[in-house]
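Peer 1: I'd like to go over a predicted model; first the sequence, then the structure.
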Amino acid sequence: MFGRSADLPLAKDATSRFLPWLIAVMVFLAAVAIAGALATEVVVAGWHRDISGTITVQIMPASGLAEVSRDGTDKRVETALRILETTPGVTSARALDRDKTAALLEPWLGSREVFEDLPIPRLIDVSLAPDRNINLDALSRRLSESVPGASLDDHQLWLGKLVRFAYGLEMLAGTVIGLTTLALTSTVIYATRTGLAVHFSVIQLLHLIGAQNEYVARQFAASSTWLGLKGGLIGMTLAVPAILGIGGLSTRIEGGLVPDVTLQFHHWLILALLPVAAAMLARYTAKFTVHRTLAKML
Amino acid sequence: MRQDHLKMAEPVIRFESVGLRYGNGPEILQDISFSLERGSFHFLTGESGAGKTSILSLMYLAQRPTRGMISLFGTDVTTARRSQLPAIRRRLGVVFQDFRLLDHLSALDNVALPLRVAGVAESEIKRHVPELLSWVGLADFMNSKPPTLSGGQKQRVAIARAVINRPEILFADEPTGNVDDRIALRLLRLFVELNRLGTTIIIATHNEAIVRHYRQPRIHLVGGHLEILEPLAGKEPPIDLTPGPPVPPPPFGGRGHGRDL
């Protein structure tokens, strides 16, 4: 019977025991980093969806005694509403009444009686037609000219900071992925060089009976691919519960401080490709290393 | 190369002023020049340490000379690109002094190695390899791994591996090392058979009985220099081969590159 064992007994090397675990650690780190980046993107996209198409107009209270101030402020709100309603592209403009405004402030200022007499800014919630490009600068100028103390907030400042934060997280994830790729590549190069040294006499014999470098490289590549895949699968097996666990913890936070960060199907698909990517990286790194090292042999 | 003094045939091996030294040591081989024509049969003789293994390793491309030119099949192998060497090596067969069998592979897989390396189809391999192993008398040891084989059995596996590809040149470094003369002659029959089919044979040996028996010219190494000597005249009668059962011609099969000899 012809055996199916390879000419180079790579499977029995010490390398084949430690390499999958090293790769597993790197795939775990990369998976968590990618999941983090994807989740951040989901969150930012959610916020973006919630607030695009809306602006908030804030009216500062008029000065004077409580009664005077209240009437003055009401008048300002009415003027602002009129301007907004006549602006093309605005689908609705709704002033938050005093009760609602007070309800918003209650968590921060305490019982309503405490601040009932305080001059409180009023808010107008404005919805915009999504397909109309409205010149917000012009609208803002018109409002502040006609209504003293009116200011327009399109949430861009707030969102911009969030987007920058998300971008920062993505850069961080990218760095982690880059570093793990580098570490994996170096590990495979080192393991392959060790293998070449350990099996030097067999490789020399294969050369002498007419083997091309490719013949040797193929065996190293096959072994490395398998080790990479094995490591990748171990890494993912560890990463999936970790990612699900963090997601689960985030949904338990009350008050909606942290939005739902559940990954979607195509995100999981990206993560599922990681072991394959690790296997391919291991494969081509090994192949390249063998060719480069053997080119120096006769 | 054309104005070579050798007969009509173009030499398959040609050395010109070849020198070899290891590191800064003395030259082990000095100014070696000779050529061997296709289909010749030579013994390589010389004291132990005269450089027999070194000169063989130059011929089967295990190393390059420190100086001089070596050509195989008309190709200058001292300047050839590395990528050209595998094709040339597949036309050679080598029986190493220490056999160099792969211990983790069965006898079958060891002998199949040159065919696999040359990309011969598995069906061809399955046909020819068991046939040749049976012919060298290892029918019962095909699945054995080298560590479980005796010295003589390993030697036969090594010889089978060297000839499975029907090489154009066969090098054998003390192929009859630890076996008695009768078994040695039985093994050498394989080489004679190959030689009849056109293979050039070079056998390094210091077994004088064999050299006398075959009466082939000798390449003799002394102190790093080389001379080609006439066959040792049989002062004594050639050794008797016990007339056993008739031995069929060896089944050489599966060439890696379907060229006729």
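Peer 2: Yep, that arrived. Bear in mind that the values here come from a model prediction, so they are computed numbers and not experimental data.
Peer 1: Which strands or helices does whichever strand or helix holds residue A:21 pack on?
Peer 2: Assigned by DSSP states H and E, residue A:21 belongs to helix A:15-51. For helix A:15-51, the elements it packs on are helix A:156-198, helix A:213-251, helix A:265-294, judged by 3 or more C-beta pairs under 8 Å, 6 or more residues apart in numbering or on different chains; DSSP states H and E. (Each C-beta comes from the backbone N, C-alpha and C, glycine too.)
Peer 1: got JSON lines for those, with mean pLDDT and mean neighbour count too?
Peer 2: Compiled in JSON lines, the helices and strands packed on helix A:15-51 are given as follows (pLDDT from 0 to 100; neighbours: other C-beta atoms under 10 Å in any protein chain shown):
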{"stretch": "helix A:156-198", "mean pLDDT": "90", "mean neighbour count": "16"}
{"stretch": "helix A:213-251", "mean pLDDT": "92", "mean neighbour count": "19"}
{"stretch": "helix A:265-294", "mean pLDDT": "94", "mean neighbour count": "18"}
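Peer 1: would TSV of those with distance to chain B be doable?
Peer 2: Putting the helices and strands packed on helix A:15-51 into TSV (distance: least, C-beta to the nearest C-beta, whole Å) gives the following:
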stretch	distance to chain B
helix A:156-198	13
helix A:213-251	6
helix A:265-294	9
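Peer 1: Can I get those in a markdown table including distance to residue A:68?
Peer 2: Output for the helices and strands packed on helix A:15-51, formatted as a markdown table (distance: least, C-beta to C-beta, whole Å):
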| stretch | distance to residue A:68 |
| --- | --- |
| helix A:156-198 | 33 |
| helix A:213-251 | 48 |
| helix A:265-294 | 57 |
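Peer 1: I'd say residue A:11 and residue A:223 touch.
Peer 2: Yes. Between residue A:11 and residue A:223 there is a contact under C-beta atoms under 8 Å: 6.5 Å.
Peer 1: The nearest residue to residue B:77 once chain neighbours are set aside: which element?
Peer 2: The shortest distance from residue B:77 to any non-neighbouring residue, by C-beta to C-beta, 6 or more residues apart in numbering or on different chains, is to residue B:70 (5.4 Å). Using DSSP H and E, residue B:70 sits in strand B:67-72.
Peer 1: Strand partners (parallel or antiparallel) of whichever helix or strand comes after that strand?
Peer 2: On the C-terminal side of strand B:67-72, the nearest following helix or strand under DSSP H and E is strand B:75-76. In the sheet, strand B:75-76 lines up against strand B:67-72 (antiparallel) (DSSP bridges).
Peer 1: now the strand it pairs with: how far from the chain's centre is it?
Peer 2: Put simply, strand B:67-72 sits 19 Å off its chain's centre (C-alpha atoms, centre = their mean, to the nearest Å).
Peer 1: centroid residue for the chain?
Peer 2: Using chain A. For chain A, the residue nearest the mean C-alpha position is residue A:37 (2.1 Å; C-alpha atoms, centre = their mean).
Peer 1: try again with chain B
Peer 2: Closest-to-mean residue, chain B, C-alpha atoms, centre = their mean: residue B:171 / 1.7 Å.
Peer 1: Phi and psi next, for it.
Peer 2: Taking degrees, to the nearest 10, you get phi -110, psi 140 for the backbone angles of residue B:171.
Peer 1: Identify the bridge partners of it.
Peer 2: With DSSP bridges as the rule, residue B:171 is bridged to residue B:94, residue B:202.
Peer 1: Might one say that it is in contact with residue B:97?
Peer 2: No. Residue B:171 lies out of contact with residue B:97 (C-beta under 8 Å); the separation is 10.6 Å.
Peer 1: Identify the contacts common to those two.
Peer 2: Common neighbours of residue B:171 and residue B:97 are listed as residue B:204 (criterion: C-beta atoms under 8 Å, 6 or more residues apart in numbering or on different chains).
Peer 1: since we're on the residue of chain B found nearest chain A, how many residues are nearby?
Peer 2: At 3.6 Å from chain A, residue B:90 is the closest residue in chain B, using C-beta to the nearest C-beta. Residue B:90 is flanked by 23 other residues according to other C-beta atoms under 10 Å in any protein chain shown.
Peer 1: how close does it sit to residue A:131?
Peer 2: 73 Å (C-beta to C-beta, to the nearest Å).
Peer 1: now do residue B:78
Peer 2: Distance from residue B:78 to residue A:131, by C-beta to C-beta: 78 Å.
Peer 1: Between those two, which is the more surrounded one?
Peer 2: Neighbour totals were compared for residue B:78 and residue A:131, and residue B:78 leads with 15 against 7 (other C-beta under 10 Å).
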